[in-house]
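Novice: Any chance you could fold what I've pasted below:
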Amino acid sequence: MMYLTGFHAIEERIKSGNPCGPLLVAKAGPRAKEIVTLAVNNKIRLERTGSFELDGIAPDNRGIALQVADDSGKADISLDSFISNLGERKDALVLILDEITDPHNYGAILRCCDQFAVDLVVSRNRRNAKHAAIISQTSAGAVSWIAQAETPNLVRGCEDLKEAGFWIYGTDMEGEPVYKKDLSGRTALILGGEGNGISRLLRENCDGFVGIPSSGRIDSLNVSVACGVLLYEIRRQRA
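Specialist: Presented below is the predicted three-dimensional model:
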C-alpha cells in the first residue's frame, strides 16, 4: 500500500470513485477538514491517528493521508478496447510517451492531458515512470481521471492506431511549426524521453514531425512544458 498526501491528489482520487481508503487523520486545518467532509460524503472510512504515527507512515503529510493500492497510477484500459470503443468519432486525441522516466514530468504531463482533454495516454509497460504517489501529487490528482494504456510494443501500438485512422506525429525541435500543421481528425502525438528523445523505430512510424518555434538560448523546453504548448495548439485548432 501507499499513501497520497497532497490535498489535490487526495481530493481528486476521492471524487474519481476509484478504490481508496481509509483516510488517516491526525490534525486537520481548514483545507484538510474540507477533504474529511468529502471523504465522509463519499463513504470513505476515516481513521484517527496521532501526528507521530502519521509522520512515520507518510512523512510529507499535512495532517491527513489517503491509503491507496500500489497500482493506483497504473494503466486502466487496453489500447485495443480504446480503439474498438471509438465508433464514428473523428477527433480523438492520443498522447504516446516514449521513455518518460521522471515521475515529476510524468505527473505534469498528465495534468496537461486533463486540461486539454486528451482521450488516452499510451506508454510502454514496465519502463515508464511508476512512482504513483509522486505522479498523483505532481499531476494534482489528474492521474485519477486520465485514461492510460500500457503496451509492450509502442511501434505496434502506433501501427494499430494508424489502422484505426490516426495520424501519428512525433515531436522534434526541427519539426514543422505546430501551428502550421493541420492537427484535426484522429491524432496521436509522440513525446520522446528526457534524454534520448523519440526512439528510431518510432520515428520511422511517424507521419510527420511538429515542433515549437523558439528564440531561447538553451536547447529546448522541458518535456512537460512542451507537452502543454503542443496540446494547447491542438485544442486551439479544434475549438
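Novice: okay, CA-based contacts and neighbour counts for the rest of this
Specialist: Will do.
Novice: tell me, how many neighbours does the residue nearest to Ser220 when sequence neighbours are not counted end up with?
Specialist: Taking C-alpha to C-alpha, 6 or more residues apart in numbering as the measure, Ser220 lies nearest to Met173, with 7.4 Å between them; neighbours along the chain are not counted. Under the neighbour criterion other C-alpha atoms under 10 Å, Met173 is assigned a count of 15.
Novice: Enumerate every residue touching Met173.
Specialist: In this structure, Met173 makes contact with 210-213, 220, judged by C-alpha atoms under 8 Å, 6 or more residues apart in numbering.
Novice: from those, which is closest to Arg48?
Specialist: Taking C-alpha to C-alpha as the measure, Arg48 lies nearest Ser220 of these, at 47.5 Å.
Novice: Point me to the helix or strand that includes the closest one.
Specialist: Using DSSP states H and E, Ser220 sits in no helix or strand.
Novice: neighbours around it, how many?
Specialist: One way to gauge burial is a neighbour count; for Ser220, by other C-alpha under 10 Å, it gives 15.
Novice: likewise Phe7?
Specialist: Under the neighbour criterion other C-alpha under 10 Å, Phe7 is assigned a count of 21.
Novice: same question, Pro177
Specialist: Applying other C-alpha under 10 Å, we find 15 other residues in the vicinity of Pro177.
Novice: now do Asp207
Specialist: Applying other C-alpha under 10 Å, we find 12 other residues in the vicinity of Asp207.
Novice: And for it, nearest residue in space, chain neighbours not counted?
Specialist: Nearest residue to Asp207 in three dimensions, chain neighbours excluded: Ile168, at 5.3 Å (C-alpha to C-alpha, 6+ apart).
Novice: Can you name the residues that contact the one you found?
Specialist: Residues in contact with Ile168 (C-alpha under 8 Å, 6+ apart) are 158, 162, 187-190, 205-208.
Novice: What residues does the residue nearest the centre of the chain make contact with?
Specialist: When C-alpha atoms, centre = their mean is applied to the chain, the residue found nearest the centroid is Leu110 (2.4 Å). With contact taken as C-alpha under 8 Å, 6+ apart, Leu110 is in contact with 139, 142-143, 146.
Novice: ok, it to Asp60 distance?
Specialist: Using C-alpha to C-alpha, to the nearest Å, Leu110 is found at 22 Å from Asp60.
Novice: how long is stretch 206-220 from one end to the other?
Specialist: Between where stretch 206-220 begins and where it ends, there is a gap of 21 Å, by C-alpha to C-alpha.
Novice: How about stretch 156-173?
Specialist: From the first residue to the last, stretch 156-173 extends over 25 Å; the measure is C-alpha to C-alpha.
Novice: Tell me who's in contact with the most far-flung residue of the chain relative to its centre.
Specialist: Relative to the centre of the chain, the most outlying C-alpha is that of Gly50, 33.3 Å out, by C-alpha atoms, centre = their mean. Contact criterion C-alpha under 8 Å, 6+ apart gives 25-27 as the residues in contact with Gly50.
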